[in-house]
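*Asks:* quick one, fold the following:
(one chain, ligands or ions: 1)
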Amino acid sequence: MGVRNIINITDLNVDELNNMLDLADDIMNNKAKYAKKCEGKILATLFFEPSTRTRLSFEAAMLELGGNVLGFSEAASSSTAKGESVSDTIRTVGCYSDIIVMRHPKEGAPLVASYRTTVPIINAGDGGHFHPTQTLTDLLTIRREKGHFDKLKVGLCGDLKFGRTVHSLISALLRYDDVEFVLISPTELKLPQYMKDKMDKEGAKWTECLTIEEAIADLDILYMTRVQKERFFNEEDYIRLKDFYILNKEKLELAREDLKIMHPLPRVNEISTEIDDDPRAVYFKQVLNGKYIRMALILTLLGIN
Ligand code: NCD
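*Replies:* Coordinates of the predicted model:
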């Protein structure tokens, strides 16, 4: 088998994905069994954009597997600042590591990087495009909280235009049966047409609306996102839109008891902290799930079992 990269979530077929979710569950329940699986292996994290959870969860995942980590957390501290191309950086880091995790502001950069090295490349977010390992985290959370994917009604709220986690999550859920999407966003931040075309091609049911109140009552999942400040061309637009949605106790009163509220984090103002202790809020469980699914991903891409 050739080198496996994860650039899009659909690089994994549904069986592989389900196996990876099973593996993550097993790791959670049997940590000691996995503590030395990656001894002697090195994971490199190349982050050309800020991150807390994605980078640290990959590093924690590799350390818990007994491996080592190296990398940089901002372009300014790498030779990119001297004008080195992404291709040359990747070729170089491929000489020092067994697997590379890369985040970059340009859409498609991790795909291009994957042509330049023989070690597996994991896309940890490319611009406003995709974020497949957040989706693995989200899928593990949905499966653990709901037990299944089929027939779920999923509300996606906030910056659906630039929110790459939303694009990857929709791409993944489209492969299950009868998942219905409710797209909640201001007009300026609607889901891009190419994603709507994808949903239509798969025959998925989707609707758009403007407010959380219109949609929340019959949702199984409400996936909140922040307005992606760094993708705006103009500060005024960001300021006008940034507090468009604030999920609070009052709005949550309209929801079912079995709703699950998710967020890839970081949150800015879109979820009031007053609901953090509501049993329906699962965004910090999501964070923990992110480490275990990344352990499963590293083992799978390195062919270790
Ligand atoms: C997301 C991202 O980087 O796209 N964060 C994350 O990886 N958990 C979401 C965001 O930044 O809003």
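
*Asks:* what's the span of stretch 70-90 from first residue to last?
*Replies:* End-to-end distance of stretch 70-90 (Cα to Cα, to the nearest Å): 13 Å.

*Asks:* next: stretch 69-83.
*Replies:* Across stretch 69-83, first to last residue, Cα to Cα, it's 25 Å.

*Asks:* who touches it?
*Replies:* By Cβ atoms under 8 Å, 6 or more residues apart in numbering, the residues outside stretch 69-83 that reach it are 42-48, 50-51, 55, 58-59, 62-63, 84, 86, 89, 93, 96-97, 101. Bear in mind the C-beta positions are built from the backbone N, C-alpha and C, glycine included.

*Asks:* at 7 Å what do you get?
*Replies:* Stretch 69-83 is contacted by residues 42-48, 55, 59, 62-63, 89, 96-97 when judged by Cβ atoms under 7 Å, 6 or more residues apart in numbering.

*Asks:* just give me how far that stretch sits from the chain centre.
*Replies:* Relative to the mean C-alpha coordinate of its chain, stretch 69-83 is positioned 22 Å out (Cα atoms, centre = their mean, to the nearest Å).

*Asks:* how about that stretch: buried residues?
*Replies:* Within stretch 69-83, the residues that count as buried by 16 or more other Cβ atoms under 10 Å are 69, 71-73, 75, 78, 80.

*Asks:* same question for stretch 223-237.
*Replies:* The neighbour-count check on stretch 223-237 (16+ other Cβ under 10 Å) flags 223-228, 232 as buried.

*Asks:* residue in the stretch 151-300 of the chain nearest to the ligand?
*Replies:* Pro264 (3.9 Å; Cβ to the nearest ligand atom).

*Asks:* leaving aside the residues next to it on the chain, what's closest to that residue?
*Replies:* Distances taken as Cβ to Cβ, 6 or more residues apart in numbering put Thr165 closest to Pro264, at 4.3 Å, once the chain neighbours are dropped.

*Asks:* which SSE is the one you found in?
*Replies:* helix 164-173 (DSSP states H and E).

*Asks:* in the helix or strand just after that helix, which residues are buried?
*Replies:* The C-terminal neighbour of helix 164-173 among helices and strands, as given by DSSP H and E, is strand 180-184. By 16+ other Cβ under 10 Å, the buried positions in strand 180-184 come out as 180-184.

*Asks:* okay, now the sheet partners of strand 180-184, with direction.
*Replies:* strand 153-157 (parallel), strand 205-209 (parallel) (DSSP bridges).

*Asks:* now it against helix 164-173, angle please.
*Replies:* Per axes from the mean of the first three to the mean of the last three Cα atoms, to 10 degrees, the angle that strand 180-184 makes with helix 164-173 is 160 degrees.

*Asks:* centre of the chain to strand 180-184, how far?
*Replies:* Using Cα atoms, centre = their mean, the distance from the centre of strand 180-184 to the centre of the chain it belongs to is 18 Å.

*Asks:* Ala204 and Leu183 touch, don't they?
*Replies:* No - here Ala204 does not reach Leu183: they are 11.2 Å apart, not a contact under Cβ atoms under 7 Å.

*Asks:* check contacts around the closest residue to Glu202 other than its chain neighbours.
*Replies:* Counting by Cβ to Cβ, 6+ apart, Glu202 lies nearest to Leu174, which is 4.5 Å off, once chain neighbours are set aside. Neighbouring residues of Leu174 by Cβ under 7 Å, 6+ apart: 198-199, 202, 204.
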